[in-house]
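Peer 1: Test case, fold it:
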Amino acid sequence: MNASKRHIVFLARWYPYCADPMFGLFVQRHAQAVAPYQNISVVYAHALPDLEQKIKLEQTIRNGVNEIHTYYRKPKSESFWSKIIAMHRFLKANKQGVREAKKIHGNVDLIHVHVLTRLGVLALYYKTISRIPYMITEHWSRYLPGNDFNGFFHKRLTRLVVKKAEMVTTVSKNLANAMQNHGLKNKHYAILPNVVDMDMFHISETETKNEKTRIVHVSCFEDKSKNISGILRVLNELKKQQFDFECILVGDGIDFQKMKLYATKLELDSVVRFTGVLEGKQVADEIMKADFMILFSNYETQGVVLLENFACGRPAIATRVGGIPEIVDDENGLFVPPGDEQMFLKAIKEMIQRHKTYDPQRIRQKVEQQYGNEHVGSLMNQWYLKIIEKHHL
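Peer 2: Below you'll find the model as predicted:
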């Protein structure tokens, strides 16, 4: 333990775990970015079926971060009382994780909540009984129009948790505005950029010379938000118009098999390829091999895959939703309205013709300045020190 460093505990609702190494990867990257500055512990609790013991704890030091996974037994039914039991186990697992974190780095100086609401309630509990200040980073798109942030009690509780936090950060201005429109008020809102691994995602050292235009799409394969079915319909029309292309669809999720079957139904198997889950360098390699990326989302908080794509110097086509207009401009891509398949088709045809006219170095430069490890880690550290100093006055 470095005594000169403060102990910051992440309470994370999303984080990579045993069954899904990509889940909440952006939270892990935030932890790793700030780890050179302070002692960082991450506590992540997750329910697993058929777990022999009530709580199973796993502790690992990864890239300077003390990661504590607390798995708890998932109730077998979905009854009201089972939900109460699950909530009790979730909170108990997180509290046990915090106790374990203190064994490694000592007393907690600040709690950093990632994703509301229940972990915000736990942070408020620690603030009340132990005088530990907390801040919040929200990543969830549920506050955006058309999503499901509702329930009288839920909203009142979330408003209380947000009000009592030292500050609230989001990955885009759009998400911050949406939260405040729901009455989630705090005196200190700020933007915490997602982190891009600039070493892993980089401009290819060899020039891309694809025989046919190579398009890439990376997502969590949830059709409601990512509109992959819309992408497939547009690719079907592109094929009918005899454009010479291939599209690589990277990722996995609840609608993965459904989308594969839909692609087969549209007779797209000759022009699309589904890779399933890829990690780290494998994702970067697929992006670097492509000519451009497409994203046809109905809503987004920011779209970290776009930032990774730009770090590789590749242009993109994306919908004008959520925080995407904050990162896409004329120098790195094209906009289309969400759900407008005709405009999306037109944009792809245009990008096929002009993707080589974009400047890869210029595309990458903006990402490096705003989303690199050093910039984001330094920014977080400044916030931590300010909060802790204020708390000790």
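Peer 1: Assign Phe153 to helix, strand or coil.
Peer 2: helix (DSSP: H, G, I helix; E, B strand; the rest coil).
Peer 1: and it, how far is that from Ala178?
Peer 2: Using C-beta to C-beta, to the nearest Å, one gets 20 Å for the distance from Phe153 to Ala178. Where C-beta positions appear, they are placed from N, C-alpha and C, glycine not excepted.
Peer 1: Neighbour count for those two, which is higher?
Peer 2: Remark: of Phe153 and Ala178, Ala178 carries more neighbours, 23 against 7, as counted by other C-beta atoms under 10 Å.
Peer 1: Contacts only, for the closest residue to Pro325 other than its chain neighbours.
Peer 2: Spatially, and ignoring its direct neighbours in sequence, Pro325 is nearest to Phe335 (7.4 Å; C-beta to C-beta, 6 or more residues apart in numbering). Applying C-beta atoms under 8 Å, 6 or more residues apart in numbering to Phe335 gives the contacts 317-320, 324-325, 328, 347.
Peer 1: So which residues of the chain form helices?
Peer 2: 25-34, 80-105, 118-130, 152-164, 173-181, 223-226, 228-240, 256-265, 281-289, 304-311, 341-354, 360-371, 373-391 (DSSP state H).
Peer 1: Most tightly packed of those helices?
Peer 2: Among those, helix 304-311 has the highest mean neighbour count (mean count of other C-beta atoms under 10 Å), at a mean of 25.
Peer 1: was I right about Asn147 contacting Glu300?
Peer 2: No - applying C-beta atoms under 8 Å as the test, Asn147 and Glu300 come out as separate, 11.5 Å apart.
Peer 1: Lys74: neighbouring residues, count only.
Peer 2: Counted with other C-beta under 10 Å, Lys74 comes out at 15.
Peer 1: residues contacting it?
Peer 2: Lys74 neighbours (C-beta under 8 Å, 6+ apart): 47-49, 51, 86.
Peer 1: What are the phi and psi values at it?
Peer 2: With angles defined as degrees, to the nearest 10, Lys74 sits at phi -80, psi 130.
Peer 1: how close does it sit to Gly253?
Peer 2: Relative to Gly253, and taking C-beta to C-beta, Lys74 is found at 20 Å.
Peer 1: His154 too?
Peer 2: Distance, His154 to Gly253, by C-beta to C-beta: 25 Å.
Peer 1: do Leu266 as well
Peer 2: 19 Å.
Peer 1: ditto for Arg6
Peer 2: With C-beta to C-beta as the criterion, Arg6 and Gly253 are 37 Å apart.
Peer 1: Identify the residues contacting stretch 255-269?
Peer 2: Contacts for stretch 255-269 (C-beta under 8 Å, 6+ apart): 221-223, 228-229, 232-233, 235-236, 239, 249, 272, 274, 276.
Peer 1: again, 6 Å this time
Peer 2: 221-223, 228-229, 232, 236, 272, 274 (C-beta atoms under 6 Å, 6 or more residues apart in numbering).
Peer 1: And stretch 94-101, by the same measure?
Peer 2: Taking C-beta under 6 Å, 6+ apart as the rule, stretch 94-101 contacts 9, 41, 43, 45, 68, 70, 122.
Peer 1: now that stretch: mean pLDDT?
Peer 2: When pLDDT is averaged along stretch 94-101, the result is 98.
Peer 1: Kindly report the same for stretch 193-204.
Peer 2: For stretch 193-204, mean pLDDT rounds to 94.
Peer 1: End to end on it, go ahead and measure it.
Peer 2: 24 Å (C-alpha to C-alpha, to the nearest Å).
Peer 1: Show me which residues of that stretch are buried.
Peer 2: 193-198, 201 (16 or more other C-beta atoms under 10 Å).
Peer 1: So which of those residues is the closest to Val171?
Peer 2: Asn194 (5.4 Å; C-beta to C-beta).
Peer 1: Next up, phi/psi of that closest one, please.
Peer 2: phi -60, psi 160.
Peer 1: coming back round to it: which two among the contacts of stretch 255-269 are spaced furthest apart?
Peer 2: Spatial extent of the contacts of stretch 255-269 (C-beta to C-beta) is set by the pair Glu222 and Asn236 at 20.7 Å.
Peer 1: Relative to Lys390, how far out is the residue nearest to Met167 when sequence neighbours are not counted?
Peer 2: Residue nearest to Met167 in three dimensions, not counting chain neighbours: His188, with 3.8 Å by C-beta to C-beta, 6+ apart. Between His188 and Lys390 the distance is 11 Å, computed by C-beta to C-beta.
Peer 1: and if you look at Ile228?
Peer 2: According to C-beta to C-beta, Ile228 and Lys390 sit 46 Å apart.
Peer 1: One more: Glu326?
Peer 2: Glu326 is 29 Å from Lys390, by C-beta to C-beta.
Peer 1: quick revisit: which of Asn147 and Glu300 has more neighbours?
Peer 2: Higher neighbour count among Asn147 and Glu300: Glu300, with 26 against 14, using other C-beta under 10 Å.
Peer 1: Correct me if wrong: the more buried one contacts Arg320.
Peer 2: No - applying C-beta atoms under 6 Å as the test, Glu300 and Arg320 come out as separate, 10.2 Å apart.
Peer 1: May I have the beta-bridge partners of Ile294?
Peer 2: For Ile294, the beta-bridge partners under DSSP bridges are Ile317.
Peer 1: re earlier: need the phi and psi values for the residue nearest to Met167.
Peer 2: phi -130, psi 90.
Peer 1: and what of Met200?
Peer 2: The phi/psi pair for Met200 (degrees, to the nearest 10) is phi -80, psi -40.
Peer 1: List the contacts of it.
Peer 2: 281, 284.
Peer 1: and the gap between it and Lys281?
Peer 2: The gap separating Met200 from Lys281 is 6 Å, by C-beta to C-beta.
Peer 1: Do I have it right that Cys247 meets Arg214?
Peer 2: No - look at Cys247 against Arg214 with C-beta under 6 Å: they stay out of range, at 7.9 Å.
Peer 1: which one of these two has more residues nearby?
Peer 2: Cys247 (24 against 17).
Peer 1: Tell me, how many residues neighbour the nearest residue to that one once chain neighbours are set aside?
Peer 2: Closest residue in space to Cys247, ignoring its immediate chain neighbours: Ile215 at 4.4 Å, by C-beta to C-beta, 6+ apart. Residues lying near Ile215 (other C-beta under 10 Å) number 26.
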